[in-house]
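Chemist: Next input, structure requested:
(3 chains)
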Amino acid sequence: MKEMSKIVKNITKLVYGFIIIFGFYVIVHGHLTPGGGFQGGAVVASAFALLLISYGQLEAKKLLKVDIFSLLESCGLTAFIVIAFLGLGTTFFYNFLANSGGWFGNAVTPGINPGDMNTAGVLPLMNMAVGLEVFAGLGIIVLLMAEGAEYTNKEGEHRNDR
Amino acid sequence: MKLMDHIPALIIAVPLLAAFLSPVVGKINKKVVGILAALALGFSLIFTIILAVKILSVGPQVYVFGAKSPSLTLPSGLKFPIRIIFQIDAMGIFMGLITALVSFLGAVYSLAFIDKNNGIDKYYSLLLLLAVSMFGMELTGDIFNFFVFLEIASMASVSLICYKGTERGEPVEAGFKYMVVSSISALMVLFAIGIFYGEYDVLNMAALASVIKYSQLDKIALGILVPVLAMKAGAVPMHMWTPDAYSEAPAPITMILVAASQASLYALFRVVFSLYNITLNTLVVGWIIIIFGLLSMFIGVTMAIIQKDIKRLMAYHAISQTGYMLLGVGVGLAVLANPIALPEYGITAMEGGIFHIMNHALYKGLLFLTAGALFYRTGTRDLDKMGGLAHSMKYTTIFFIIGAAAIAGLPPFNGFASKLLIYESVYRFNPLLSIIAMVVSILTLASFVKVFHSAFLGPQLPQFKEVKEVPQSMVLTMAVLSCLIIFFGLFPDLIVKNLVHPAVMSLIEQFKYTGIVLGGR
Amino acid sequence: MIGNFPYVTVAVSIGCGLYILMFQKNLIKLAIGINLIESGINLFLITLGYRKGGVAPIYTQAPAGKAMVLPTPQALTLTSIVIGVATSALVLSMAMMIYKHYGTIEVDKARRLRG
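Modeler: Numbers count the residues shown, from 1 in each chain, chains lettered A, B, ... in the order given. The predicted structure follows:
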């Protein structure tokens, strides 16, 4: 993938930070507003895709490393399953933080209100874990596909192996 | 005692944790990943055995995820359960035992079989996910959850089929075919789930079974579910993915894939028996399943005879053996509404069909592992290029003989036990079916005599002078499978009475399945 | 009448998807076919949960006495979309691998497994 024109590169430079922040906003507010881990993670990953397209594969690879993404992905997934394990005192996946008064432990007030971040127990934590996993996972997919496209681009390079 | 309550969840939770940890562990040390996977699946096997003992002595178990207590299916006077529930009866745990055994042995076999190249951590991660998804399909009581596990199973197995895809094109081609087939089937399952949800507003299978009426929409849903699940199980005429996928996957994965397609078969039986039961026109649906079975048996074995590739040949035999299971259970379904014929031969036919699932997983797994062992040492799967391997690979030869005799239905191996049950009972339903089944069995024997002759017998070939016996962990797994085959063949009564009969009864008696969730209704 | 329009769309898009899977030879087109079926089924689920005049099913924003649309089909659809993303990624990357090995993405030419 080659780099694109100067206009695209400059706009990307302006915008991609905001896209990432918006993605994290969607992840963190997953238990209050539409969206959540997967949606926010996909938004963050789209910022990486934008970087990749506008700067080209070689330039973007300095910033985005597959190894780090792979590690983040595993961390997200492990965090998710560990939170599920923590509820094992009652049942697997039990929401042990909800209404406990501590972290994310406030009771939900019914009716029309702006919403309280500090509610919903383990759901926000799980949203964050999923968000971490999704943006890392989709980032890996985008990066590896770009690399694969590089392979397939060159004419006459495919090995007709048998 | 506290841990005992959580065993249904731990069966899937432990391998899931290991699956997510293995990329991290793989970064630190590549050798530990395989041991981690084998350990996790070993834990699962132990948990499954404990759960099986509990279920067979006490009765079906439920596990409600995220509820205040694991058995709280209907909190505060709700009419239908809302949470994801694992509901495990004798049939479910029977399949769970097969899955646990096969995936554990597959992981142990992989320790030596898969070379330590770059993707080893991903390989074990996917293997664990495949095992988890199979457990999920067999233990879950929520029909949408079943769809999710079905999709995870297809994605994990496709990625594993393509494991050698960076070096050769054929595995990717097989994987693509399988992916298209399995995504269509999974999406169609989702469509049927949508129909159920729109009609009855429930997703729990037990609750669904208690309200189902066999209306026009239910007929459409059944018409979608039966062929689609038969396609995932690899029955003719939707079998085109099976030989490709089975022959191109690494040998331990092929063994697990056999169990994965049987999980779809289990889902088919679950839908027909537990969801619809006698509301169906059992004779028609039973005959449809019987015809699927006959076609699979006959076309599978005839295609197998002409194959040159050893794993492709075995894959066609896998299709043919699936036919026996469909035949046995189909006969049971056809006489389900008939109170005289059912106890007389219907139950025996179903026992044969269900027992054959376990036997098939054992001997077909053993045969695929021996094929993998041959490939590991000779580097080829072409039967014309092999020969005289009995000189150098003595254990593998013995294991192959045991597997081949079991699949052909020779006494005293386990294939004989279940095939005899099928022949006897199906003969009373319709003699022609039984005769076809016997002919197929003879053709199976013929085909395996050919394989044995061309791969193992004859003078030692010069290019295979250096060939040694395979590493110990591979011999060990094959030995375990062989011992089980002989044990099941010598004491079939023990297994049929204690494991298979309860499984069949929990399929036939619908309230046994619905009652555990909905209470004494 | 107009209320049934989504179901017509569902039928059309699933039909198109099945047609593509049966009669097209290009691997990328097959991936598009799978996605069409999937979106048809997602639309089917969403339509099942729609109630006329219902509001979004968010717990804190429910005005008294107003109907909500059903949240369960929306959750099902979200799950199905997530699975769909993974499926598409897998199918497309396999198409790329096939192109790399065989030099073509036409089904007729990229076919070595026979019999």
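Chemist: And the residue of chain C that's closest to chain B?
Modeler: Nearest to chain B, among the residues of chain C, is residue C:101, at 3.1 Å (Cβ to the nearest Cβ). Every residue, glycine included, has its C-beta placed from N, CA and C.
Chemist: What's the per-residue pLDDT of residue C:16 here?
Modeler: With respect to pLDDT, residue C:16 has a value of 93.
Chemist: likewise residue B:258?
Modeler: 91.
Chemist: tell me which element it is part of?
Modeler: Here residue B:258, judged by DSSP states H and E, is contained in helix B:251-269.
Chemist: Going by contacts, tell me the helices and strands next to that helix.
Modeler: Identification of packing neighbours for helix B:251-269 by 3 or more Cβ pairs under 8 Å, 6 or more residues apart in numbering or on different chains; DSSP states H and E yields helix B:90-113, helix B:120-139, helix B:143-161, helix B:216-233, helix B:241-248, helix B:310-334, helix B:347-378.
Chemist: Try it again at 6 Å.
Modeler: helix B:90-113, helix B:120-139, helix B:143-161, helix B:216-233, helix B:347-378 (3 or more Cβ pairs under 6 Å, 6 or more residues apart in numbering or on different chains; DSSP states H and E).
Chemist: Quick one: residues in contact with that helix.
Modeler: B:95, B:98-99, B:102-103, B:106, B:109-110, B:113, B:130, B:134, B:137-138, B:153, B:157, B:160, B:229, B:232-234, B:246, B:318, B:329, B:357, B:361, B:364-365, B:368-369, B:372 (Cβ atoms under 6 Å, 6 or more residues apart in numbering or on different chains).
Chemist: Quick check: residues of chain B near chain A?
Modeler: Within reach of chain A by Cβ under 6 Å from any Cβ of the partner chain, chain B has these residues: B:9, B:16-17, B:20-21, B:23-24, B:65-67, B:70.
Chemist: Is it possible to mark the buried ones in the residues you listed?
Modeler: B:9, B:16-17, B:20-21, B:23-24, B:65, B:67, B:70 (16 or more other Cβ atoms under 10 Å in any protein chain shown).
Chemist: Tell me which of those residues fall in helices.
Modeler: B:9, B:16-17, B:20-21, B:23-24 (DSSP state H).
Chemist: Low-confidence ranges, chain A, go.
Modeler: Across chain A, the ranges flagged by pLDDT under 70 are A:1, A:111-112, A:151-162.
Chemist: which parts of it sit against chain B?
Modeler: Checking chain A against chain B by Cβ under 6 Å from any Cβ, the hits are A:70, A:74, A:77-78, A:81, A:91-94.
Chemist: Can you list the buried residues in stretch C:102-115?
Modeler: C:102-103, C:105, C:107, C:110, C:113.
Chemist: tell me the angle of the helix holding residue B:258 relative to helix B:310-334?
Modeler: Interaxial angle, helix B:251-269 versus helix B:310-334 (axes from the mean of the first three to the mean of the last three Cα atoms, to 10 degrees): 20 degrees.
Chemist: Against which helices or strands is the helix or strand following helix B:251-269 packed?
Modeler: The helix or strand immediately downstream of helix B:251-269 is helix B:282-305, counting by DSSP H and E. Here helix B:282-305 touches helix B:310-334, helix B:431-455, going by 3+ Cβ pairs under 6 Å, 6+ apart.
Chemist: tell me which residues in helix B:282-305 are buried?
Modeler: So helix B:282-305, judged by 16+ other Cβ under 10 Å, has buried residues B:282, B:285-290, B:292-301, B:303-304.
Chemist: What separation do you get for whichever residue of the stretch 301-450 of chain B sits closest to chain A and residue B:246?
Modeler: Proximity of the stretch 301-450 of chain B to chain A (Cβ to the nearest Cβ) peaks at residue B:382, 13.0 Å away. Distance, residue B:382 to residue B:246, by Cβ to Cβ, to the nearest Å: 16 Å.
Chemist: between the two, which one's more packed in?
Modeler: residue B:246 (30 against 11; other Cβ atoms under 10 Å in any protein chain shown).
Chemist: Counting neighbours, what do you get for the closest residue to the more buried one other than its chain neighbours?
Modeler: Excluding its sequence neighbours, the residue lying closest to residue B:246 (Cβ to Cβ, 6 or more residues apart in numbering or on different chains) is residue B:315, at 3.5 Å. Using other Cβ under 10 Å, residue B:315 has 31 other residues around it.
Chemist: Next: residue B:457.
Modeler: For residue B:457, using other Cβ under 10 Å, the count is 13.
Chemist: So it: helix, strand or coil?
Modeler: coil (DSSP: H, G, I helix; E, B strand; the rest coil).
Chemist: how about the nearest residue to it, chain neighbours excluded?
Modeler: The nearest residue in space to residue B:457 (Cβ to Cβ, 6+ apart) is residue B:390, at 6.3 Å.
Chemist: quick one, phi/psi of the residue of the stretch 251-400 of chain B at minimum distance from chain C?
Modeler: Closest contact between the stretch 251-400 of chain B and chain C, by Cβ to the nearest Cβ, is at residue B:307 (6.8 Å). Phi and psi for residue B:307, reported as degrees, to the nearest 10, are phi -80, psi 150.
Chemist: Mind pulling up the pLDDT for it?
Modeler: pLDDT, read off for residue B:307, is 86.
Chemist: tell me the contacts of residue 71?
Modeler: All of this is about chain A. Under the criterion of Cβ under 6 Å, 6+ apart, residue A:71 has no contact partners.
Chemist: wrong chain, I was asking about chain B
Modeler: residue B:62.
Chemist: In chain C, which residue sits nearest chain A?
Modeler: For chain C, Cβ to the nearest Cβ, closest residue to chain A: residue C:103, 3.9 Å.
Chemist: Residue B:34 reaches residue B:111, doesn't it?
Modeler: Yes. Using Cβ atoms under 6 Å, residue B:34 is in contact with residue B:111, at 4.7 Å.
Chemist: Between these two, which has more neighbouring residues?
Modeler: residue B:34 (24 against 21).
Chemist: Could I get the phi/psi values of the more buried one?
Modeler: Dihedral angles for residue B:34 - degrees, to the nearest 10 - are phi -60, psi -40.
Chemist: which intervals of the stretch 401-521 of chain B have sub-threshold pLDDT?
Modeler: B:519-521.
Chemist: Could you give the residue of it that lies closest to chain C?
Modeler: residue B:447 (14.4 Å).
Chemist: My understanding was that that residue contacts residue B:302; is that so?
Modeler: No. Between residue B:447 and residue B:302 there is no contact under Cβ under 6 Å: 9.5 Å.
Chemist: Helices along chain C, start to end?
Modeler: C:5-23, C:27-49, C:71-102.
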